[in-house]
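Visitor: Next comes the sequence, and after it the predicted model I'd like to discuss.
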Amino acid sequence: MSQLSFVLIATWMSLMRTAYQGCLGVRVAVQLDNARKAAANEEDETLKVRRELQKRFLELETRVREFVQDWRAFEHDGQRLTLLQERVTAGLHEESEGRRAVRSEVQKLIGILQDLDQQRPTQLFLSPQMIWRLSHGNAVILCRQSRMVEVGWLVGRRDVGRAKCGFGFPSHANP
């Protein structure tokens, strides 16, 4: 072979290699382009999912805040109701104690009145200008001319609660 044929063969092979590499380059370029398109599609899909997750997260966060606020309101109402219940219980206990004290005083008063009823009327007679005052605890019994005329409980200087009988009570004799 001549040198010319050898150069022709080498040139032809070089052209074939370049053509083959060009084909490969085109294939690689096509594959690279397809990979870029797929990556862009995946990125778009990922962004959509991310936006949806963010939206759901914000909705969930809003709902949790509302639940916490409602729970605080219920907790506050529960504490308020507990305090009210304690106050009512204390009030009922105080009322019960007050009623017991009043019953005790009434029993003492009944005993004193029964003792006075058993005495003779002449023992209780006082002059019209005088008022006999018998004190027992907080109960005060006032008598005039052998008749019970007023029963009251003194609070400070004021008369609270009156039960009148008999002739009445002169205005100048109030305690």
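Guide: That came through fine. Numbering: from 1, shown residues only.

Visitor: Helices along the chain, start to end?
Guide: 3-118, 121-124 (DSSP state H).

Visitor: same for the first one, what does it pack against?
Guide: This means helix 3-118. Applying 3 or more Cβ pairs under 8 Å, 6 or more residues apart in numbering; DSSP states H and E, we find helix 3-118 packed against strand 132-136, strand 139-144, strand 147-155. The C-beta positions use only the backbone N, C-alpha and C, and glycine is treated the same way.

Visitor: Domain map for this protein?
Guide: Following automatic domain parsing, the chain resolves into domains at 1-118, 122-175.

Visitor: By mean pLDDT, show me the worst of the ones you listed.
Guide: Of all the domains of the chain, the minimum mean pLDDT falls on domain 122-175 (a mean of 43).

Visitor: before we move on, the earlier item: kindly reformat the helices of the chain as TSV and extend each row with mean neighbour count.
Guide: Below are those laid out as TSV (neighbours: other Cβ atoms under 10 Å):
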stretch	mean neighbour count
helix 3-118	10
helix 121-124	10
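
Visitor: Arg87 and Arg80: what is the separation?
Guide: Arg87 sits 11 Å away from Arg80, taking Cβ to Cβ, to the nearest Å as the criterion.

Visitor: sorry, that was for Arg51
Guide: Arg51 is 44 Å from Arg80, by Cβ to Cβ.

Visitor: do Glu52 as well
Guide: 42 Å.

Visitor: Check Arg17 too.
Guide: For Arg17, the distance to Arg80 - Cβ to Cβ - is 91 Å.

Visitor: Check Leu32 too.
Guide: Distance from Leu32 to Arg80, counting by Cβ to Cβ: 71 Å.

Visitor: Leu60 too?
Guide: As judged by Cβ to Cβ, Leu60 and Arg80 stand 30 Å apart.

Visitor: which ones are touching Leu81?
Guide: Applying Cβ atoms under 8 Å, 6 or more residues apart in numbering, we find Leu81 in contact with no residue.

Visitor: then stretch 84-91 to PDB, C-alphas only?
Guide: Taking Å, rounded to 0.1, in the frame of the first residue of the first chain, the C-alpha atoms of stretch 84-91 are listed here in PDB:
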ATOM      1  CA  LEU A  84     -67.600  29.600  93.300                       C
ATOM      2  CA  GLN A  85     -68.200  26.100  94.600                       C
ATOM      3  CA  GLU A  86     -65.800  26.700  97.500                       C
ATOM      4  CA  ARG A  87     -67.500  30.000  98.300                       C
ATOM      5  CA  VAL A  88     -71.000  28.400  98.200                       C
ATOM      6  CA  THR A  89     -69.700  25.600 100.500                       C
ATOM      7  CA  ALA A  90     -68.200  28.100 102.900                       C
ATOM      8  CA  GLY A  91     -71.500  30.100 102.800                       C
END
